[in-house]
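>>> Here's my sequence, what's the structure:
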Amino acid sequence: MTENPEPEPTDVAARYRALTNGTRQWLSYHFAEGRITTFGRQLQRALAACDAKLPGTGERFVREFAAIRYVPTRDDPDKWRKGYEQLVQKLAEILVTRVLLDADWPAGTTFQIEPANPVTGGRPDLVVDTPNRQWLFEVKCPSSIEHQERRAERGHQIPVRGPIGAVPGIRADATLPRDNTLKDFLASADTKFCDFSAQTRTGILVVLWDGYIFEATSALSHEDAGLLTPNSWLHDANGRVAFDAVDGVVVLNHLEILKLAPQEQPIRRDDPFTIGGEGQPPNVWCPNLGRGNLDPLVAVIFDAAPIGDLVAADYTPKDYVMWLNLDRDRDRG
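Numbering: from 1, shown residues only. Below you'll find the model as predicted:
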């Protein structure tokens, strides 16, 4: 028996050049005629793999890439930053779409890219219909550049809302929780998943993060304030905001891989559009209140372990972090 060969890359580079009229855009360097870069080839392979399972997916993503306009940082740093973060968001969607389409789903499984919710009008990134269950997936990346710069400059961090944040003066030089970012992601996913169909279904928000995973796990799963816990800080007139249509959040430790790969500074040289493998850090499943472990098949797809099983400092929810940066402190005198 011979193994199925990997799909040959489609010539999305030529299509991208045509859609952008040969002007300088975000992927122009990687898709330059006659000198496709390593990252360009990896991206083409990822799109070809998606197209092999769901025809038309590659063209859809290429059009979306072409719509993200490049603005030089010297002309407008803010627009450059926003464009780059849009690019990374799109790369994240391709990563998750590829691994889901490539997975060993039961016979008879079908896929839809961004179908409209008939009730709310929201569009999940991918819907997977198996014979027994419907899976809805939404993919999000936080805006990270300003946050990472701020985090590097400040001496301490408050990852979750709690008593420490109320100490007089402590917030002045602190990196504050990113719980509003996670709250917005959950609200968006909840709207897209809620009342999607009458089928038995599971809604999963997939969030990409950098190595400071505790920022996300604290905001989501800290026992005293996490958004997915009974003690969530977020309430409305009816009590705790439950995000009932979201069964949980998979936090992927993959953001830096996708940020650095197009800059030709790869953390992962084999393929930035795959998850797991030797040397790769684990990912995390943060269930919503009352939900249990992630389905074994989906846990394998995302190489994700339950939050309670990960005891490494980078993963566990925290109240307070102090950073030691001797060079920074010396500069401050």
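>>> OK, contacts around the nearest residue to Pro106 once chain neighbours are set aside?
Spatial nearest neighbour of Pro106, excluding adjacent residues (C-beta to C-beta, 6 or more residues apart in numbering): Thr130 at 5.2 Å. For glycine as for every other residue, the C-beta is placed from the backbone atoms N, C-alpha and C. By C-beta atoms under 8 Å, 6 or more residues apart in numbering, the contact set of Thr130 is 105-106, 108-109.
>>> Of all pairs in those, which one is the farthest apart?
Trp105 and Gly108 (8.7 Å; C-beta to C-beta).
>>> can you give me how far the helix or strand Leu260 falls within is from the chain middle?
Using DSSP states H and E, the element containing Leu260 is helix 255-260. Centroid separation for helix 255-260 versus its chain: 11 Å, with C-alpha atoms, centre = their mean, to the nearest Å.
>>> coming back round to it: okay, Trp105 and Gly108: which has more neighbours?
Trp105 (20 against 9; other C-beta atoms under 10 Å).
>>> Tell me the secondary structure of the more buried one, please.
coil (DSSP: H, G, I helix; E, B strand; the rest coil).
>>> State the phi and psi torsions of it.
Backbone torsions of Trp105, given as degrees, to the nearest 10, read phi -70, psi 160.
>>> Give me the nearest residue to the spatially most central residue of the chain, chain neighbours excluded.
What sits nearest the mean C-alpha location of the chain, by C-alpha atoms, centre = their mean, is Leu208, with 2.8 Å. With C-beta to C-beta, 6+ apart as the measure, Leu255 is the residue that lies nearest to Leu208, at 4.4 Å, once sequence neighbours are left out.
>>> quick one: contacts for that neighbour?
88, 92, 141-142, 144, 208-210.
>>> for Tyr320, same thing?
156-159, 164.
>>> So which of those is the closest to Glu59?
For the contacts of Tyr320, the residue nearest Glu59 by C-beta to C-beta is Pro159; the value is 41.0 Å.
>>> What residues does that closest one make contact with?
Here Pro159 is in contact with 177-178, 214-215, 218-219, 222, 317-321 (criterion: C-beta under 8 Å, 6+ apart).
>>> now do 7 Å
177, 214-215, 218, 318, 321 (C-beta atoms under 7 Å, 6 or more residues apart in numbering).
>>> which element is the residue lying closest to it once chain neighbours are set aside on?
Once flanking residues are discounted, Pro159 sits nearest to Ser218: 3.8 Å by C-beta to C-beta, 6+ apart. Following DSSP H and E, one finds Ser218 within helix 214-221.
>>> where does the protein have low pLDDT?
Scanning the chain with the threshold set as pLDDT under 70 gives 1-10, 266, 268-269, 325-333.
>>> For it, which segments are assigned as helices?
Applying DSSP state H to the chain gives helices spanning 12-19, 38-53, 57-66, 77-102, 145-153, 179-193, 214-221, 255-260, 296-302, 326-332.
>>> So which of those helices is the most surrounded?
Using mean count of other C-beta atoms under 10 Å, the stretch among those with the largest mean neighbour count is helix 214-221, at a mean of 27.
>>> so Gln42 makes contact with Asp271?
Yes. Gln42 lies in contact with Asp271 (C-beta atoms under 7 Å); the separation is 5.6 Å.
>>> List the neighbouring strands of the top strand by length along the chain plus their orientation.
Of all the elements of type strand in the chain, the one with the most residues (DSSP state E) is strand 201-209. Using DSSP bridges, the strands paired with strand 201-209 are strand 134-140 (parallel), strand 248-253 (parallel).
>>> Of the ones you listed, flag the one that's most buried.
Most buried of those, by mean neighbour count (mean count of other C-beta under 10 Å): strand 248-253, with a mean of 26.
>>> Pull the residues that contact it.
Strand 248-253 is contacted by residues 204-209, 211, 213, 216-217, 220, 275, 281, 283-288, 291, 294, 302, 304 when judged by C-beta under 7 Å, 6+ apart.
>>> tell me how far that strand is from the chain's mean position?
8 Å.
>>> angle of it against helix 214-221?
Angle, strand 248-253 to helix 214-221, by axes from the mean of the first three to the mean of the last three C-alpha atoms, to 10 degrees: 180 degrees.
>>> CA atoms of strand 248-253 as CSV?
In CSV, the C-alpha atoms belonging to strand 248-253 read as follows (Å, rounded to 0.1, in the frame of the first residue of the first chain):
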residue,chain,number,x,y,z
GLY,A,248,-14.5,26.1,25.7
VAL,A,249,-11.4,27.7,24.4
VAL,A,250,-8.3,26.0,22.8
VAL,A,251,-5.3,28.3,23.4
LEU,A,252,-2.6,27.6,20.8
ASN,A,253,1.0,28.4,21.7
